[in-house]
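Novice: Sequence and predicted model, in that order:
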Amino acid sequence: MLELRNISFQVDAEGKDKEIIRDVSLTIPDRKLVVVTGPNGGGKSTLAKLIAGIEKPTGGQILFNGQDITGFGITERAGLGIAYAFQQPVRFKGIRVLDLIRIAAGKTLSVSDACQYLSSVGLCARDYVDREVNASLSGGELKRIEIATVLARKAALSVFDEPEAGIDLWSFRNLIEVFQKLREDIHDSSILIISHQERILSIADEIIVLREGRVVNQGAREDVYPQLIKAETDVMCEGWAGSAEKGGDA
Amino acid sequence: MLKLDEIQKRLLREVADLHEVPEGAYNIRSNSASAGRQSTANIEIVSKEDVSGLEIRIKPGTKNESVHIPVVMTQSGLKEVVYNDFFIGEGADVVIVAGCGIDNCGNQDSQHDGIHRFFVGKNAKVKYVEKHYGSGDGSGKRILNPGTEVYMEEGSYAEMEMVQIKGVDDTERTTTAELAAGAKLVVRERLMTHGDQRAISTYVVKLNGADASADVVSRSVARDRSFQKFDAKIVGNAACHGHTECDSIIMDEGRILAVPGLEANDVDAALVHEAAIGKIAGEQLIKLMTLGLTAAEAEEQIINGFLQ
């Protein structure tokens, strides 16, 4: 279980403190798939980075299975079982897909075992396992390899930052299946996905809405999801109404 | 029969992946003397008479054979210049493995300058692998100055892999090539320098015939206070294709000077150069750390991959 207590994160923007995350408290319980959603610029990706240890909070505490990990670095958190999938996967010259999956697994996997992770993200493993994780791969391919590296970690908490970003519609259907399968196989682990996608929201156990660095809504999917849809419709209607008024003035 | 001590055997493993006496033609040079030689029906190795070195004659049409000519030096203070000429007959297809390992435990400099000339016959194909390696904790320097000249006839193909990863204090590598019509040269250089090492690599490739092509790629890492210079020039004298690339990682106080040069003397010459120097990208380190590696382990993985 992951717990964030009063987490704040400020950056220096042109000499002024800018608050990206404001006093956020939340819990990712075991055996749950939690989706964090909300408008762009609301602090979702920063939240994921704070959990992985890539950014350090300027205030508050992070607890993982009861242990205070606020001061822990990236490697230490990875060692405790926190995995993180980048929104924009990193390219490496000379490092092969197989190498990356082996590093992720933390042991010498056989090629066929490594291939299973690739197959589960919809890649024909044989074609990819020996390829370099470099610019010759498309954005969608890299993204799926990124997800495969997280699957290979068999982590206690897997954090995915916008897994749908950069994936074409055809591949997206497979991606949903990957997360559905991941959800079904949850035992002592939990999953946190940052996403805008309805299809991903629809498989969540819980939804957290982050806006302007604050949690504005959180709870079970059944409760939060209808409110989200309603809020979105309202915004759209306001938008329509606004433009109609302007039209009327002209 | 070969008589090599453990250090010499270790050097042989490093530079030529040799654990035993190689199959096929070979000459093993140890501390300035031949420690073993074998010619085959198609590949003849003879000593030069005027200077130190070998003539390696590969008969036309020889296929799938290899030549190993590793050099090991374990005596401190040895300095030698060796001239080796390779004549690769028309239509042959062979692998040549050279390389030099120096173990210097003394306080005098050890130096091996290997001057290799390749005469690649019409439609012949050659793969040349050269590894350099230095070890030993003496204060004497380990110095290697290889000179390589490649003369390629019509339709020939040469692939040259040159690797220097560890322990060589000072290197000045000069490679020149002249290509006739339809010939193709591929060079892959991998280099890592550390401490106060210095490595200079200069290429001049002349594409003289129609459809000749060259692809010269260097990947290097400069650590500590080491210095590297990569100076690659491709000259297009006909309708040809030339590409040169220097891709480098700098660390610590390392310094790299890349001097890519292109000279087009024919309107149909298509020449491209690329050069990139920079430190390891922070996000690469972060990605590997999220997979559980420490920063130092991540760095090692990135460099190993880069130099693969």
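Specialist: Sure thing, it's come through.
Novice: When you work out contacts or count neighbours from here on, use the C-alpha atoms and nothing else.
Specialist: Will do.
Novice: Please tell me I have it right and residue A:97 contacts residue A:132.
Specialist: Yes - applying C-alpha atoms under 8 Å as the test, residue A:97 and residue A:132 come out as touching, 6.0 Å apart.
Novice: quick one: which of the two has more around it?
Specialist: Comparing residue A:97 with residue A:132 by neighbour count (other C-alpha atoms under 10 Å in any protein chain shown), the higher total belongs to residue A:97, at 26 against 20.
Novice: show me what contacts that one?
Specialist: Counting by C-alpha atoms under 8 Å, 6 or more residues apart in numbering or on different chains, residue A:97 makes contact with A:128, A:129, A:130, A:131, A:132, A:133, A:145.
Novice: for residue B:247, same thing?
Specialist: Listed by C-alpha under 8 Å, 6+ apart, the contact set of residue B:247 reads B:217, B:218, B:219, B:220, B:274, B:275, B:276, B:277.
Novice: The residue of chain A at minimum distance from chain B: what's it in contact with?
Specialist: Here the residue of chain A nearest chain B is residue A:94; by C-alpha to the nearest C-alpha that distance is 4.2 Å. For residue A:94, the set of contacting residues under the criterion of C-alpha under 8 Å, 6+ apart consists of A:132, A:133, A:134, B:302, B:304, B:305, B:306, B:307, B:308.
Novice: Which members of the residues you listed are positioned in strands?
Specialist: Judged by DSSP state E, these include no members of strands.
Novice: now, which of the contacts of residue B:247 sits nearest residue A:166?
Specialist: The shortest separation between residue A:166 and any of those is 26.9 Å, and it belongs to residue B:276 (by C-alpha to C-alpha).
Novice: pretty sure the closest one is in a helix, no?
Specialist: No - the assignment for residue B:276 is strand, going by DSSP: H, G, I helix; E, B strand; the rest coil, so no helix is present there.
Novice: contacting residues for residue B:214?
Specialist: Neighbouring residues of residue B:214 by C-alpha under 8 Å, 6+ apart: B:184, B:185, B:186, B:187, B:205, B:207, B:241, B:242, B:243, B:244.
Novice: Tell me the confidence at the last one?
Specialist: Looking at residue B:244, its pLDDT reads 96.
Novice: Flag every residue of chain A that's near chain B.
Specialist: On the criterion C-alpha under 8 Å from any C-alpha of the partner chain, chain B has as its neighbours in chain A the residues A:52, A:54, A:74-79, A:82-84, A:86, A:90-95, A:103-104, A:106, A:153.
Novice: lowest-confidence helix or strand of chain A?
Specialist: The least trusted helix or strand in chain A, going by mean pLDDT, DSSP states H and E, turns out to be helix A:221-249, with a mean of 68.
Novice: ok, and the most crowded of the contacts of residue A:94?
Specialist: Within these, neighbour counts (other C-alpha under 10 Å) peak at residue A:133, which reaches 25 neighbours.
Novice: correct me, but that residue touches residue A:101?
Specialist: No - contact criterion C-alpha under 8 Å: residue A:133 and residue A:101 do not qualify, at 10.9 Å.
Novice: quick revisit: quick one, what contacts the closest residue to the residue of chain A closest to chain B other than its chain neighbours?
Specialist: On the basis of C-alpha to C-alpha, 6 or more residues apart in numbering or on different chains, the spatially nearest residue to residue A:94 that is not a chain neighbour turns out to be residue B:305, at 4.2 Å. Contacts were defined as C-alpha under 8 Å, 6+ apart; by that measure residue B:305 touches A:92, A:93, A:94, A:95.
Novice: how about the residues you listed in CSV, adding secondary structure?
Specialist: Rendered in CSV, the data for these read as follows (three-state DSSP):
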residue, secondary structure
A:92, coil
A:93, coil
A:94, coil
A:95, coil
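Novice: for the residues you listed, which one is nearest residue A:197?
Specialist: Using C-alpha to C-alpha, residue A:92 is the member of those that sits closest to residue A:197, with 28.8 Å.
Novice: Quick one: end-to-end distance for stretch A:56-73.
Specialist: Taking C-alpha to C-alpha, to the nearest Å, stretch A:56-73 runs 9 Å from one end to the other.
Novice: just the strands in chain A please.
Specialist: Along chain A, the stretches classed as strands by DSSP E are A:2-13, A:16-28, A:33-37, A:59-64, A:67-68, A:82-85, A:157-161, A:190-194, A:206-211, A:214-220.
Novice: how far is the fifth one from where the chain is centred?
Specialist: Between the mean C-alpha location of strand A:67-68 and the chain-wide mean there is a distance of 22 Å, by C-alpha atoms, centre = their mean, to the nearest Å.
Novice: Can you list the strands that that strand pairs with?
Specialist: According to DSSP bridges, the neighbouring strands of strand A:67-68, each with its direction, are strand A:59-64 (antiparallel).
Novice: Kindly report the same for the last one.
Specialist: Partner strands for strand A:214-220, per DSSP bridges, with pairing direction: strand A:206-211 (antiparallel).
Novice: quick one: low-confidence ranges for the chain?
Specialist: Reading this off chain A. By pLDDT under 70, the weakly predicted segments of chain A are A:170, A:235-250.
Novice: That was the other one, I meant chain B.
Specialist: B:1-3, B:18-21.
Novice: For the residue of it found nearest chain A, give its distance to residue B:299.
Specialist: Residue nearest to chain A within chain B: residue B:305 (4.2 Å; C-alpha to the nearest C-alpha). Using C-alpha to C-alpha, we find residue B:305 at a distance of 10 Å from residue B:299.
Novice: just residue B:187 next, same as before
Specialist: 26 Å.
Novice: Check residue B:127 too.
Specialist: Following C-alpha to C-alpha, the distance that separates residue B:127 from residue B:299 is 31 Å.
Novice: what do you get for residue A:130?
Specialist: 21 Å.
Novice: Which one of those two is surrounded by more residues?
Specialist: When residue A:130 and residue B:299 are compared for neighbours, residue B:299 comes out ahead with 18 against 14, by other C-alpha under 10 Å.
Novice: so is that one in a helix, a strand, or just coil?
Specialist: For residue B:299, the secondary structure call by three-state DSSP comes out as helix.
Novice: Quickly find the element holding the nearest residue to it once chain neighbours are set aside.
Specialist: With C-alpha to C-alpha, 6+ apart as the measure, residue B:285 is the residue that lies nearest to residue B:299, at 6.6 Å, once sequence neighbours are left out. In this assignment (DSSP states H and E), residue B:285 forms part of helix B:282-290.
Novice: now for that helix, which elements pack on it?
Specialist: Other helices and strands packing on helix B:282-290, by 3 or more C-alpha pairs under 8 Å, 6 or more residues apart in numbering or on different chains; DSSP states H and E, are helix A:74-80, strand A:82-85, helix B:295-306.
Novice: Can you give me the distance of residue A:149 to residue A:119?
Specialist: Note on residue A:149: its distance to residue A:119, by C-alpha to C-alpha, is 12 Å.
Novice: Looking at the two, which is more packed in?
Specialist: Remark: of residue A:149 and residue A:119, residue A:149 carries more neighbours, 26 against 14, as counted by other C-alpha under 10 Å.
Novice: Alright, I will stop here.
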